[in-house]
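**Q** only geometry, no sequence info:
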């Protein structure tokens, strides 16, 4: 029995390439994009070994860094000072909390850890 309301999906354009070749082309484009980004002066490259690192990087990469920059430049001009300072303090507190947590993990597994320059986190335990 056929469903008359069902529509067929259009065939994908693949320019005569096999599915594996398409994936390789996409992978190559992604690698080229990453290499271009890595060559910029204001870029830091992080080798991530665990999903936790990827998530933290994605938070900043998916608008976080751009939004923080925009907020800082627009305080008192475009954005309410009290609200802006509260948001910036929340981000700073989260950054300090992450610093403390990573410090604890490093201490537990015997890895030397140094807080990033300019981050005055209070080390606990």
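**A** Cool, the structure landed. All figures in this text were calculated on a predicted structure; none of them were measured in a lab.
**Q** which of the three states applies to the most centrally placed residue in the chain?
**A** With distances taken as CA atoms, centre = their mean, the residue of the chain nearest its centroid is residue 58 (1.8 Å). Of the three states, residue 58 takes helix under DSSP: H, G, I helix; E, B strand; the rest coil.
**Q** that one and residue 48, how far apart?
**A** Residue 58 is 10 Å from residue 48, where distance means CB to CB, to the nearest Å. Every residue, glycine included, has its C-beta placed from N, CA and C.
**Q** what packs against the helix or strand encompassing residue 32?
**A** Element membership of residue 32 [criterion: DSSP states H and E] is helix 19-38. Packing partners of helix 19-38 (3 or more CB pairs under 8 Å, 6 or more residues apart in numbering; DSSP states H and E): none among the helices and strands.
**Q** off-centre distance for that helix?
**A** Here the centre of helix 19-38 is set off from its chain's centre by 18 Å, with CA atoms, centre = their mean, to the nearest Å.
**Q** again with stretch 96-109
**A** Taking mean C-alpha positions (CA atoms, centre = their mean), stretch 96-109 and its chain are 20 Å apart.
**Q** so which bits of it are buried?
**A** 99-100, 102-103 (16 or more other CB atoms under 10 Å).
**Q** okay, those residues in CSV with secondary structure, pLDDT and distance to residue 22 next?
**A** As requested, the buried residues of stretch 96-109 are exported to CSV (DSSP: H, G, I helix; E, B strand; the rest coil; pLDDT from 0 to 100; distance: CB to CB, whole Å):
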residue, secondary structure, pLDDT, distance to residue 22
99, helix, 95, 42
100, helix, 95, 45
102, helix, 95, 39
103, helix, 95, 44
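**Q** in JSON lines: these, plus distance to residue 38.
**A** Shown next, in JSON lines, are the buried residues of stretch 96-109 (distance: CB to CB, whole Å):
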{"residue": "99", "distance to residue 38": "24"}
{"residue": "100", "distance to residue 38": "29"}
{"residue": "102", "distance to residue 38": "23"}
{"residue": "103", "distance to residue 38": "27"}
